[in-house]
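> take this sequence and fold it.
(2 chains)
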2 protein chains.
Amino acid sequence: MTSQTLSFTILGTGALGGFYGSRLLVGGFPVRFIAHSDVDYIRAHGLRVDSPLGDQHHFPVDVYRASDALPQSDLVCVALKTTQNHRLVDLLRPLVRPGTVILNFQNGLSMEEELAEAFPESPVIAGLCFLCSNKVGPGHIAHLDYGLVSFAPQDARGQAWVPRLMEAFASSGIKVESFPSLLKARWRKLAWNIPFNGLSVLLDANTDSIMADPDARALAEQLMAEVATGAAACGAPFDTGFTGKLLEVTEAMTPYAPSMRLDYLAKRELEIAFMYERPLREVAKRGVRLPAVEAIAHQLRFLDRRNRAGGT
Amino acid sequence: MTSQTLSFTILGTGALGGFYGSRLLVGGFPVRFIAHSDVDYIRAHGLRVDSPLGDQHHFPVDVYRASDALPQSDLVCVALKTTQNHRLVDLLRPLVRPGTVILNFQNGLSMEEELAEAFPESPVIAGLCFLCSNKVGPGHIAHLDYGLVSFAPQDARGQAWVPRLMEAFASSGIKVESFPSLLKARWRKLAWNIPFNGLSVLLDANTDSIMADPDARALAEQLMAEVATGAAACGAPFDTGFTGKLLEVTEAMTPYAPSMRLDYLAKRELEIAFMYERPLREVAKRGVRLPAVEAIAHQLRFLDRRNRAGGT
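Just a heads-up that it's a prediction; the model follows:
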C-alpha cells in the first residue's frame, strides 16, 4: 500500500473534520465523511470550505450517518468533540478492523490512551491541529488561518505510520510536523487551550481582546505558567521560552473565537472534561495542584450547566 | 458627654449609610447626612428605609452636599464606597476636628491605617457591617436582613470609644459586638467578601445560586481557604471551624445580591482595590501567593474596565 492509496473516514464533519477532509479530497484521497445534523444537506448540496488555501465546493460527497454501513477505510480520523467521547468507542466499533489506523484530532489529554485500550489491534496516532476554522452553516466551513497538524504516535506501531500520514497530508496542502512524545505534544497544546478556551468563555472575549487587556493577558500568563507546572509534574516539561513564544504567536494571530467560546454561544456542551479535568487529575496524581486552573474549571462547569439548562 | 448626646455625620447616604443613619435617628441621635446624587430629592421628600425592623420615613432630613459647610459632629461615619477613597481625605478634612471620631463602615483592608495616618488627632474605629441592604431609588433604602455592626478599633484611643458607640447603636436597635483585633476582624470579613462579591459578578449569580451549585460552591470554598491562608500569613489566623460556619450562614441567608454585583449591573466602578488588591499585596509582602484570588481579581478588573467603557 502506498500513501496515494490511503483511504480516510472522517468521523465528524465540523470545523475540523470538514476542513481536513476537504484538503484530503483536494489531495486526491478517497474520503468518507460521517456527519450528524447536516448529513441530508451535504448529500443534497455538497460540502463547502472557504479558505485562504482556495475555496472548495465538493459535490457529490461520500457522506454517511454514524448508523450507516460504511466501506472500510485505512484510517479513521476522530473529529468529534470530546463531549461525545462517552459514545466514541461505540461509534468507532463498526469502522475499525484490526489494523485500521485511528488518527485522533481531538483536544485534551488522555484520549489516545483510552482509544488504544479499547482498540488494541489498531495503531493510534494523535493529530494535534493548529487550526482556526469555524462551521458557519450546514455543510459549510470557514477556514480562517493556520492548519498545521502535528503527528504524535501513542506507541511504536503508530510511529511507523507517521511518515505515510505526513506525506498524505503534506501532499494535500497541509503543513505537517511530527512530535516524538505524545505526552509532550498534548501538554504543549494544553498550554494554549487551557488559558484561551476558558477565558474566551469567562470573559466573553476573543483572543485579541484577551491579549490587549493587561489583566486578561496576565491571567492567561498565570494559567499558562500553571500548565507548565503541570506538564513538568507529568514528566513533559516545556522547553525554555516555549510559553513566551506561544504568547507572541497568539498576539500575532487573527482575532479568533476559540472553539469553546463558539460552543458556549451555541449553548453546546463545553469540552471541560478532557481539556481541564483530565489534566488536573493527572497532575493531582503527582501531588500537584493548579489552583487558578481549578478556579477556571469550576467557573466553566457552573456556566456550562446554566447555559444548557437555558436559565439564568 | 453621655452617649445620648453623641452626634453623627454620615458621609454617604447609600444602602449602608442610609440604613444606619436612619436607625440612629430612630434612637434619638442627631444625624447629619451627606448625600451626592439624591441630595435635592432627600431635602424635598425625606429618607425612606423599608426594614423588617419597621419602615421609616424621615422628614425633614438634615442633608448636605459634600461641599456644604456642616456643623461639627462627634462622629463621622464613612459610608462611601472605597472606589471614592482617592478623595476621602479631602472629603473628611472639613468634617474632622481634633478629637472627632472616625467610624469606618467600608469593606476591604487597610482603610483604617490610611485614615489614622491622615488624621493623627482622631480616634479611628472600624465598624464592620453584616448587612443585607440595597439602595432602590433616590432617598430610598430597602433593608433586607441582618445589620450587626462589629466595632474594632485601630488603636487604644479608638478602643476607649467602643463601649459608647456600642451603647448608641444598640439603643438604636442595631445588634452590636466588639472585636479586639482590627486585623482579625478585617480578614474575617474578607473571608466572605472575596469569594461571594467576586463570584456574584463573574458568575452573574446571587448567593443562593452560588451555594446551590456544586462547582460554584467548591470555588467559593477554594477562595475562602486561600483567604484563610492569607489571614494566617498576616498574623490573623482564623479560628478552627470559622470558614465552615461562614458557609453555613451563607447557605441559610436570604438570596442576596452582594454589593459588587449591584455595582456591576449599574456599571459603577467595582471595589477591587481594597477588597482584592490590598489583601493580595499584604500577603505578597509575606512571600505568600493566593493564586485563585489573583485569578478572580484579574477577571474582575477586565470585566470592570469593559463594563464601564460601555462596550463588549
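> just say helix, strand or coil for the residue nearest to the spatial centre of chain A.
Residue closest to the mean C-alpha point of chain A, counted by CA atoms, centre = their mean, is A:Q106 at 3.3 Å. Put simply, A:Q106 is coil when judged by DSSP: H, G, I helix; E, B strand; the rest coil.
> tell me the contacts of it?
A:78-82, A:85, A:274 (CB atoms under 8 Å, 6 or more residues apart in numbering or on different chains). Bear in mind the C-beta positions are built from the backbone N, C-alpha and C, glycine included.
> swap the cut-off to 10 Å and go again
Counting by CB atoms under 10 Å, 6 or more residues apart in numbering or on different chains, A:Q106 touches A:12, A:16, A:78-82, A:84-85, A:88, A:112, A:115, A:126-129, A:271, A:274-275.
> go ahead and produce PDB holding the CA coordinates of stretch A:151-159.
The C-alpha coordinates for stretch A:151-159 follow below in PDB (Å, rounded to 0.1, in the frame of the first residue of the first chain):
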ATOM      1  CA  PHE A 151       1.500  13.900  14.400                       C
ATOM      2  CA  ALA A 152       2.400  12.200  17.700                       C
ATOM      3  CA  PRO A 153       2.100   8.400  18.000                       C
ATOM      4  CA  GLN A 154       0.600   6.600  21.000                       C
ATOM      5  CA  ASP A 155       3.200   3.800  20.600                       C
ATOM      6  CA  ALA A 156       5.700   2.300  18.200                       C
ATOM      7  CA  ARG A 157       3.100   0.900  15.800                       C
ATOM      8  CA  GLY A 158       1.700   4.400  15.400                       C
ATOM      9  CA  GLN A 159       5.200   5.700  14.900                       C
END
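> what does the stretch 151-300 of chain A put close to chain B?
A:199, A:202-205, A:209-210, A:213-223, A:225-226, A:272, A:289-300 (CB under 10 Å from any CB of the partner chain).
> quick one, which of the residues you listed are buried?
A:199, A:202-203, A:205, A:209-210, A:213, A:215-220, A:222-223, A:225-226, A:272, A:289-300 (16 or more other CB atoms under 10 Å in any protein chain shown).
> which ones among those residues map onto strands?
Residues of these located in strands (DSSP state E): none.
> what is the burial count for the residue nearest to A:A273 when sequence neighbours are not counted?
Among residues not flanking A:A273 along the chain, A:T82 sits closest, at 6.5 Å (CB to CB, 6 or more residues apart in numbering or on different chains). When neighbours are defined as other CB atoms under 10 Å in any protein chain shown, A:T82 has 22 of them.
> surely A:T82 and A:I272 touch.
Yes. Counting by CB atoms under 10 Å, A:T82 touches A:I272, with 9.2 Å between them.
> which neighbours do those two share?
Between them, A:T82 and A:I272 share these contacting residues under CB under 10 Å, 6+ apart: A:108, A:278.
> for A:Y64, what are phi and psi?
For A:Y64, the backbone dihedrals (degrees, to the nearest 10) come out as phi -140, psi 160.
> I meant to write A:V124 there.
The phi/psi pair for A:V124 (degrees, to the nearest 10) reads phi -120, psi 130.
> how about it, what does it touch?
Neighbouring residues of A:V124 by CB under 10 Å, 6+ apart: A:78, A:101-104, A:111-118, A:153-155, A:157-158, A:161, A:182.
> hmm, 7 Å instead?
A:102, A:104, A:112, A:115-116, A:154, A:158 (CB atoms under 7 Å, 6 or more residues apart in numbering or on different chains).
> and it, how far is that from chain B?
As for A:V124, its distance to chain B is 32 Å (criterion: CB to the nearest CB, to the nearest Å).
> what does the domain assignment say about chain A?
A:3-180, A:184-309 (automatic domain parsing).
> the longest one: how far from the chain's middle?
In terms of CA atoms, centre = their mean, to the nearest Å, the centre of domain A:3-180 is found 10 Å from the chain centre.
> what does the helix or strand hosting A:Y20 contact?
Per DSSP states H and E: A:Y20 is located in helix A:15-26. Helix A:15-26 is contacted from outside by A:8, A:10, A:13, A:31, A:33, A:47, A:49, A:56, A:58, A:77, A:79, A:105, A:129, A:131, A:133-135, A:141, A:143, A:172-174, using CB under 7 Å, 6+ apart.
> that one - what's its average pLDDT?
In this model, helix A:15-26 has an average pLDDT of 97.
> equivalent analysis for stretch A:220-234, please.
Here the average pLDDT along stretch A:220-234 is 98.
> C-alpha coordinates for that stretch, CSV please?
What follows is stretch A:220-234, C-alpha atoms only, in CSV (Å, rounded to 0.1, in the frame of the first residue of the first chain):
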residue,chain,number,x,y,z
ALA,A,220,-3.6,34.0,30.6
GLU,A,221,0.0,34.0,31.5
GLN,A,222,-0.8,32.9,35.1
LEU,A,223,-2.8,29.9,33.7
MET,A,224,-0.1,29.1,31.2
ALA,A,225,2.5,29.1,33.9
GLU,A,226,0.4,26.6,35.9
VAL,A,227,0.0,24.4,32.9
ALA,A,228,3.8,24.5,32.6
THR,A,229,4.0,23.3,36.2
GLY,A,230,1.5,20.5,35.4
ALA,A,231,3.5,19.4,32.4
ALA,A,232,6.7,19.2,34.3
ALA,A,233,5.0,17.3,37.1
CYS,A,234,3.8,14.8,34.5
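> in chain A, mark out all the helices, start to finish.
A:15-26, A:39-45, A:88-92, A:111-118, A:156-170, A:182-202, A:207-212, A:214-233, A:242-252, A:259-265, A:272, A:278-285, A:291-309 (DSSP state H).
> how about those in a markdown table, adding distance to A:D68?
Formatted as a markdown table, the helices of chain A follow (distance: least, CB to CB, whole Å):
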| stretch | distance to A:D68 |
| --- | --- |
| helix A:15-26 | 16 |
| helix A:39-45 | 9 |
| helix A:88-92 | 12 |
| helix A:111-118 | 21 |
| helix A:156-170 | 24 |
| helix A:182-202 | 31 |
| helix A:207-212 | 38 |
| helix A:214-233 | 40 |
| helix A:242-252 | 40 |
| helix A:259-265 | 26 |
| helix A:272 | 31 |
| helix A:278-285 | 31 |
| helix A:291-309 | 29 |
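> tell me the most buried of those helices?
Comparing the helices of chain A by mean neighbour count (mean count of other CB atoms under 10 Å in any protein chain shown), helix A:15-26 comes out on top with a mean of 26.
> okay, angle between that helix and helix A:156-170 too, please.
Angle, helix A:15-26 to helix A:156-170, by axes from the mean of the first three to the mean of the last three CA atoms, to 10 degrees: 70 degrees.
> quick one: A:H140 and A:S51 touch, right?
No. The criterion here is CB atoms under 7 Å, and A:H140 misses it with A:S51 at 11.8 Å.
> so what sits against both of those two?
Between them, A:H140 and A:S51 share no contacting residue, judged by CB under 7 Å, 6+ apart.
> tell me which residues touch the residue lying closest to A:F119 once chain neighbours are set aside, please.
Distance criterion CB to CB, 6+ apart; nearest residue to A:F119, sequence neighbours excluded, is A:V96 at 5.4 Å. Contacts of A:V96 were listed using CB under 7 Å, 6+ apart, and they are A:76, A:102, A:119, A:122.
> max pairwise distance over those residues: which two?
Farthest pair in the contacts of A:V96 (CB to CB) is A:V76 and A:F119. Separation: 9.6 Å.
> quick one: which of the contacts of A:V96 has the most company?
In terms of neighbours by other CB under 10 Å, the contacts of A:V96 top out with A:V76 at 26 neighbours.
> hang on, the earlier thing: so which of the contacts of A:V96 are in strands?
Members of the contacts of A:V96 lying in strands (criterion: DSSP E): A:76, A:102.
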